[in-house]
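Asks: Got a predicted structure here, sequence first:
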Amino acid sequence: MKLDYHMHLEYGSYDETWVEGFFRAAEARGVTEIGFSEHSHTFPEFEPLYREDLILDDSFIGSFQQKWLMKNKFKYTLDEYFAFMAKLKEKHAVKTGIEVCNFQDQEKVAEILGKYDFDYVIGSVHFIRGWAYDSSEIKAQWERVALTDIYEWYTEEIEKLCAAKLYDVLGHPFNIRLFRYLPDFDVTPFLERAARAMEEAEMAVDINTGTLYRYPIAEISPYEEFMRIAASHRLPVITTSDAHKPEDAGAYNDEAVAYARRFGYETTLRFDGRRREVVPLG
């Protein structure tokens, strides 16, 4: 089956006419079922967690992130999201997911998530020590921090997410290559630690094409070295587009499926009410 469970509505609104574009694009690419995984920063329920974790001082990073939090964030409640998804489910095969950032207070995350019947939950590392490392506006910070430290801190965040046992999928693993800051040291220990933590947490790998068409690295995440290790640990996979615009729904799905097969994968996961079903890949 062709499935795509990682896409966002943040560039538009909860308007059925606009959202129909996601379904049309996915259908044109042969994707039979999609799921929306709205960012946790869509919802005011998560706002205190962002304010606790992010650098929000008067520094280079903090100044940008203060503005980032004020732009197009926290505009729908989770109740409003579920009401809108209920409308979509009347017409389409669609799943209700969420992509949650790597907050430090996982007990609070559990409290929020526990009130809602999601079909699946993606946990993603979006911040390293309070820095939104994937924001091009503040990517100069990459020049100020040792890459070995970034790999260590990023891996620690994966381990924390996994230890929480709240998530079905790890979003775009090791997308820290996105701006082409590539290590000249052996990263295998970091990759192995991440895979072991995911195996213990029974989390799937998000084979995500967003870094192929949206970032300078122009490669699918996770990259080949991690995929080999993921396969050796028999971690399940999903293939996703990380679409933020209707026209990108299902983008490069065929490439993602072919990529997964290179590492021996022939199955993927279908989610419903946090239950998983193993189905043929692509």
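Replies: Nice, thanks for sending it over. None of these values were measured; they are calculated from a predicted model.
Asks: gap between the most centrally placed residue in the chain and Met198?
Replies: The chain has Gly171 as the residue nearest its centroid, 3.2 Å off, counting by C-alpha atoms, centre = their mean. The gap separating Gly171 from Met198 is 12 Å, by C-beta to C-beta, to the nearest Å. Yep, even glycine has a C-beta here, placed from its N, CA and C like the rest.
Asks: Likewise for Glu99?
Replies: Counting by C-beta to C-beta, the gap from Glu99 to Met198 is 16 Å.
Asks: Looking at these two, which has the bigger crowd around it?
Replies: Glu99 (27 against 24; other C-beta atoms under 10 Å).
Asks: Pretty sure that one sits in a strand.
Replies: Yes - according to DSSP: H, G, I helix; E, B strand; the rest coil, Glu99 belongs to a strand.
Asks: shouldn't it be in contact with Asp168?
Replies: No - using C-beta atoms under 8 Å, Glu99 makes no contact with Asp168, being 11.0 Å away.
Asks: so what sits against both of the two?
Replies: Ile122 (C-beta atoms under 8 Å, 6 or more residues apart in numbering).
Asks: Let's verify the most far-flung residue of the chain relative to its centre: helix, strand, or coil?
Replies: Outermost residue of the chain with respect to the C-alpha centroid, by C-alpha atoms, centre = their mean, is Asp58; its distance is 28.6 Å. Reducing the assignment at Asp58 to three states with three-state DSSP gives coil.
Asks: Look up how far Phe64 lies from it.
Replies: Counting by C-beta to C-beta - Asp58 and Phe64 are separated by 11 Å.
Asks: Any idea what the closest residue to Tyr167 other than its chain neighbours is bridged to?
Replies: Sequence neighbours aside, Gly123 is the residue nearest to Tyr167 in space, at 3.5 Å (criterion: C-beta to C-beta, 6 or more residues apart in numbering). Note on Gly123: beta-bridge partners Val100, Leu170, judged by DSSP bridges.
Asks: For Phe226, see how far away Gly123 is.
Replies: Counting by C-beta to C-beta - Gly123 and Phe226 are separated by 16 Å.
Asks: neighbour-wise, which of the two wins?
Replies: More crowded of Gly123 and Phe226, by other C-beta under 10 Å: Gly123, with 29 against 22.
Asks: Pretty sure the more buried one sits against Leu170.
Replies: Yes - under the criterion of C-beta under 8 Å, Gly123 makes contact with Leu170 at 6.1 Å.
Asks: list the residues that contact both of the two?
Replies: 161, 203.
Asks: how about the strands in this structure?
Replies: 3-4, 33-39, 94-101, 120-124, 169-170, 204-208, 237-240, 267-272, 275-280 (DSSP state E).
Asks: how many neighbours does Tyr133 have?
Replies: With other C-beta under 10 Å as criterion, Tyr133 counts 23.
Asks: and stretch 253-260, which residues are buried?
Replies: Across stretch 253-260, burial judged by 16 or more other C-beta atoms under 10 Å covers 253, 256-257, 259-260.
Asks: and that stretch, what's its mean pLDDT?
Replies: For stretch 253-260, mean pLDDT is 98.
Asks: Report the distance from it to the chain centre.
Replies: Mean-position distance between stretch 253-260 and its chain equals 17 Å (C-alpha atoms, centre = their mean, to the nearest Å).
Asks: Distance of Phe64 relative to Ala146?
Replies: Taking C-beta to C-beta, one finds Phe64 at 22 Å from Ala146.
Asks: ok, these two, which is more surrounded?
Replies: Ranked by neighbour count (other C-beta under 10 Å), Phe64 and Ala146 place Phe64 first, with 18 against 8.
Asks: quick one: contacts for the closest residue to the more buried one other than its chain neighbours?
Replies: Spatial nearest neighbour of Phe64, chain neighbours left out: Ile138 (5.0 Å); criterion: C-beta to C-beta, 6+ apart. By C-beta under 8 Å, 6+ apart, the contact set of Ile138 is 60-61, 64-65, 131-132.
Asks: 10 Å - rerun?
Replies: 55, 59-65, 68, 131-132 (C-beta atoms under 10 Å, 6 or more residues apart in numbering).
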